[in-house]
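K.L.:
Dropping the sequence and predicted coords here.
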Amino acid sequence: MNIVILAAGMGKRMRSALPKVLHPLAGRPLLAHVIDTARTLSPTRLVVVIGHGSEKVREAVGAPDVQFAVQDKQLGTGHAVQQALPLLDASVPTLVLYGDVPLTRASTLKRLLDAAGTERYGVLTVTVDDPTGYGRIVRDEGGAVQKIVEQKDASDAERRIAEINTGIVVSPTRTLEAWLASLKNDNAQGEFYLTDVVERAIEAGVEVVTAQPDAEWETLGVNSKVQLAELERVHQRNVAYALMEAGVTLADPARIDVRGTLECGADVSIDVNCVFEGRVTLADNVSIGPNCVIRDASIGAGTRVDAYTHIEGGTAGANVVLGPYARLRPGAVLGDEAHIGNFVEVKNAVMGRGSKANHLSYIGDSDIGARVNVGAGTITCNYDGANKHRTVIGDDVFIGSDTQLVAPVRVGRGVTIAAGTTVWKDVGEGELVLNEKRQVSKTDYVRPTKKKV
């Protein structure tokens with residue numbers, strides 16, 4: 001089949017310079033969700049109709065399997081589909097979707113496609129408690145679809161109909177072209193409605209069939225920031241329930257945000273207010289504390305991530321302890337049983353098995369061996385103002401508090417670095433490193449006191 005996605009509208013009610021279909025839901029553009037669903041149906045042609053902000057839309061969702069048709073003037077949904085016709089395969093049906101309706105499931109669309117086959121005209125409808133604002137499905141006494149009437153054009157009796165048009169339709173492509181060409185814009189909006197095609201189909205003797213989704217939220221679109229927020233909660237609820245069905249323990253399913261993909265092993269627990277972005281993998285028995293942000297990361301089995309930890313592009317092995325208030329930046333790789341404690345930042349650095357940096361440290365552009373102790377206040381001075389340099393530390397090194405390692409520098413296995421030392425030269429194995437200092441004590445010292453006014 002062909003799939004046409006209508007994405008040309010401006011979205012004035014969004015009150016934003018960003019095209020409506022590019023507003024994010026779960027961290028990705030609305031339109032990207034629709035394209036992903038379309039791809040699961042393996043279309044012959046996938047065409048996105050663009051208009052307002054067309055260059056931004058192309059940049060955001062452009063791909064080898066996506067073609068674009070341009071609707072220079074937004075003259076209605078029927079007119080929009082007309083712009084896509086030259087790019088379609090006329091020998092197969094065409095399914096029409098909407099770039100601002102992101103949550104329709106592929107199973108629902110498959111149901112509609114199966115009902116329509118190759119010769120019938122299919123309409124996805126839904127029955128709602130409040131149909132205000134939607135086109136009504138008007139049927140005859142036998143239940144056959146007669147027409148679709150828009151809210152502004154409906155009579156009082158028609159407005160009481162609860163079955164509404166979602167706008168999602170499938171049609172034989174060869175006849176669709178002729179039907180679209182016959183549309184008129186003599187309606188309250190002065191537009192060419194795709195919904196009017198159903199009457200053309202009936203007049204031509206083509207059977208009109210309908211299908212309904214399993215859930216009403218599958219058909220909800222976005223026209224305002226309020227509706228966008230409502231759909232965000234629907235989506236996150238669905239993700240949370242799927243995680244729990246798979247065995248994940250969520251402290252509160254209403255307080256988790258997954259803005260990408262989250263893969264979890266057995267016996268994973270996630271506390272409240274956590275955000276997962278990009279592709280995140282949590283192995284068996286991982287526990288995530290409250291208020292963590294984890295992006296594009298892999299966390300090994302048995303690892304504990306404590307509260308307020310931020311991970312971006314990092315990898316942690318098994319039985320690692322992270323946080324609270326730790327930060328892993330891109331290129332951070334932690335070996336099994338490593339500890340990264342409060343207010344420690346690791347970037348583009350490898351820490352070996354069992355190594356620890358428990359307090360107030362910065363480790364950047366470094367290779368740290370196994371069983372290394374990094375004392376509080378230690379920093380790797382990796383940037384000379386123009387270039388980054390690497391620090392290499394061997395196994396079993398003890399680094400005292402308040403140490404500065406000025407890269408490029410190598411510290412051999414088993415070295416002890418005294419507290420308050422600046423290391424700017426390579427150190428051989430097993431040595432003690434310190435900057436010699438002379439401590440002075442004075443007797444009979446009187447501390448100044450505050451003068452009374």
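P.N.:
Everything's here; your move. Residues are numbered from 1 along each chain as shown.

K.L.:
From here on, just use CA atoms for contacts and neighbour counts.
P.N.:
Will do.

K.L.:
State which helix of the chain is the longest.
P.N.:
helix 225-245 (DSSP state H).

K.L.:
The next helix or strand after that helix - contacts with which helices or strands?
P.N.:
Next in sequence after helix 225-245, counting helices and strands by DSSP states H and E, comes strand 249-250. Counting contacts by 3 or more Cα pairs under 8 Å, 6 or more residues apart in numbering; DSSP states H and E, strand 249-250 packs against strand 269-270.

K.L.:
Kindly point out the strands partnered with the strand it packs on and how each is oriented relative to it.
P.N.:
strand 249-250 (parallel), strand 287-288 (parallel) (DSSP bridges).

K.L.:
Quick check: next helix or strand after the first one?
P.N.:
So that's strand 249-250. Going down the chain from strand 249-250, the next helix or strand is strand 256-264, by DSSP H and E.

K.L.:
and the closest residue to residue 61 other than its chain neighbours, how many residues sit next to it?
P.N.:
Leaving aside its chain neighbours, residue 61 sits nearest to residue 32 (6.4 Å; criterion: Cα to Cα, 6 or more residues apart in numbering). Applying other Cα atoms under 10 Å, we find 21 other residues in the vicinity of residue 32.

K.L.:
Then residue 424?
P.N.:
Neighbourhood size, residue 424 [other Cα under 10 Å]: 14.

K.L.:
Look up which residues are beta-bridged to the residue nearest to it when sequence neighbours are not counted.
P.N.:
Beyond its immediate neighbours in the sequence, the residue positioned closest to residue 424 (Cα to Cα, 6+ apart) is residue 406, lying 4.9 Å away. Residue 406 has these beta-bridge partners by DSSP bridges: residue 381.

K.L.:
OK, contacts around residue 406?
P.N.:
380, 381, 382, 391, 422, 423, 424 (Cα atoms under 8 Å, 6 or more residues apart in numbering).

K.L.:
Mark which of those residues are buried, thanks.
P.N.:
By neighbour count, with 16 or more other Cα atoms under 10 Å, the contacts of residue 406 hold 380, 381, 382, 391, 422, 423 as buried.

K.L.:
quick revisit: remind me what the helix or strand harbouring the residue nearest to residue 61 packs against, helices and strands.
P.N.:
Per DSSP H and E: residue 32 is located in helix 30-40. Applying 3+ Cα pairs under 8 Å, 6+ apart, we find helix 30-40 packed against strand 2-7, helix 106-116.

K.L.:
Going along the chain from the first one, find the next helix or strand for me.
P.N.:
Tracing the chain past strand 2-7, the next element assigned as helix or strand by DSSP H and E is strand 24-25.

K.L.:
if we look at that following strand, which residues are touching it?
P.N.:
30, 228, 231, 232, 259.

K.L.:
Looking at those, spot the one nearest residue 136.
P.N.:
Using Cα to Cα, the shortest approach to residue 136 within those belongs to residue 231, at 22.9 Å.

K.L.:
burial of that closest one, as a residue count?
P.N.:
Residue 231: 22 neighbours (other Cα under 10 Å).

K.L.:
Which residues are in contact with it?
P.N.:
Counted by Cα under 8 Å, 6+ apart, residue 231 has contacts 25, 217, 220, 222.

K.L.:
ok, now how distant is the nearest residue to residue 51 once chain neighbours are set aside from residue 57?
P.N.:
Closest residue to residue 51 in three dimensions, ignoring its sequence neighbours and counting by Cα to Cα, 6+ apart: residue 8, at 4.0 Å. Taking Cα to Cα, to the nearest Å as the measure, residue 8 falls 9 Å from residue 57.

K.L.:
So which of the two has more stuff around it?
P.N.:
residue 8 (28 against 25).

K.L.:
Need the per-residue pLDDT for the more buried one.
P.N.:
Here, the pLDDT recorded for residue 8 equals 95.

K.L.:
cool, residue 146 as well?
P.N.:
Value listed for residue 146 in the pLDDT field: 89.

K.L.:
For my notes, confirm it occurs in a strand.
P.N.:
Yes - counting by DSSP: H, G, I helix; E, B strand; the rest coil, residue 146 is found in a strand.

K.L.:
Distance of it relative to residue 296?
P.N.:
51 Å.

K.L.:
quick one, which of these two is more surrounded?
P.N.:
Applying other Cα under 10 Å to residue 146 and residue 296 shows that residue 296 carries more neighbours, namely 19 against 16.

K.L.:
Pull the contacting residues for that one.
P.N.:
Residue 296 sits next to 277, 278, 279, 280, 312, 313, 314 when contact means Cα under 8 Å, 6+ apart.

K.L.:
what about it, which SS state?
P.N.:
What three-state DSSP gives for residue 296 is strand.

K.L.:
For it, report the pLDDT, please.
P.N.:
Model confidence at residue 296, given as pLDDT, is 98.

K.L.:
for residue 286, what are its contacts?
P.N.:
267, 268, 269, 299, 300, 301, 302, 303, 304, 305.
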